[in-house]
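Asker: sequence first, predicted coordinates after that:
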Amino acid sequence: MTFSFGVLLHLVLQLLTALRALTKRDRAPAARAAWLLLIASVPVAGVVLYYLFGETNIGNRTRRRMREVSDRLAARPPAAPAGAPADLPVALRPVFRRAASVNGFVPVAGNAATLPSDEAAAIDALVADIDAARDHVHLLFYIWLQDGNGLRVLDAIQRAAARGVACRVLIDGLGSRALARSARWTALGACGVQTAITFKMRWLLAHVFFARVDLRNHRKIAVIDGRTG
């Protein structure tokens, strides 16, 4: 009797999950067919895999906050004129048009880029730029370790904050979870640095039931005085 009830329960879950996968909006037909095949052919695991990875779910609270921020950004005046610089290579224009369709920003002239020779050179340049900052330092990283390079950047941020520079640091709740729980993270806030954790997870197992764990903020961004990035 127990076995029969378990089979019946699984069949009901399979049916409900298949209907959810089939009726999900904005999904390609090939993706619908692939999920239906997986749910039907792999008992139990197919249902579990769908709820873990089948939908883009970052949680209602995070989605609401992202919508509020997007609405505020949309109300601001455009950061750059329409179009693209005339000297932008033709081969690169589709790439920038695609980026502009997502974030609303178009490329402008007057920029220069330098490629560091290795990681050490990149960190040296970042630390030097933070030490030269006079107005603000904005940093966003997915993985921030408390190793030699990670601590060097933390020290530079604290020095900048001590000079009165507005410092803001954003890290990912999973990729930088060790830093987020450390004394150094607390010390940043204590010295005046504005800190925040994106996609914060207090209880990993509980988080799985309400949002996808694998959807992270993988950005690596540094903006210093609005001139260096």
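Answerer: Here it is on my side, so go on. Numbering: from 1, shown residues only.
Asker: against Val42, how distant is Gly229?
Answerer: Gly229 is 45 Å from Val42, where distance means Cβ to Cβ, to the nearest Å. Bear in mind the C-beta positions are built from the backbone N, C-alpha and C, glycine included.
Asker: err, Leu126, not the other one
Answerer: 46 Å.
Asker: these two: which has the busier surroundings?
Answerer: Leu126 (20 against 13; other Cβ atoms under 10 Å).
Asker: the more buried one falls within a helix, correct?
Answerer: Yes. Leu126 sits within a helix when classified using DSSP: H, G, I helix; E, B strand; the rest coil.
Asker: list the residues that contact it.
Answerer: Residues counted as contacts of Leu126 (Cβ atoms under 8 Å, 6 or more residues apart in numbering) are Val153, Ala156, Ala222.
Asker: now restrict those to buried residues only.
Answerer: Val153, Ala156, Ala222 (16 or more other Cβ atoms under 10 Å).
Asker: work out for me the element the first one sits within.
Answerer: Spelled out, it's Val153. helix 148-162 (DSSP states H and E).
Asker: where does the protein have low pLDDT?
Answerer: 1-3, 57-59, 74-86, 202-214 (pLDDT under 70).
Asker: break it down into its domains, please.
Answerer: 2-55, 119-224 (automatic domain parsing).
Asker: what separation do you get for the closest residue to Leu13 other than its chain neighbours and Thr56?
Answerer: When the adjacent residues along the chain are set aside, Leu13 lies closest to Val47, with 5.4 Å between them (Cβ to Cβ, 6 or more residues apart in numbering). To Thr56, Val47 is 18 Å away according to Cβ to Cβ.
Asker: same check, this time on Ile39
Answerer: In terms of Cβ to Cβ, Ile39 sits 18 Å off from Thr56.
Asker: what's in contact with stretch 152-166?
Answerer: 123, 126-127, 130-131, 133-137, 139, 144, 146, 167, 169, 184, 187-188, 191-194.
Asker: mind giving me the PyMOL command for buried ones among those?
Answerer: Of the contacts of stretch 152-166, the buried ones can be selected in PyMOL as follows, counting by 16+ other Cβ under 10 Å:
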select buried, resi 123+126+127+130+133+137+139+144+167+169+188+193
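Asker: perfect, I'm done here.
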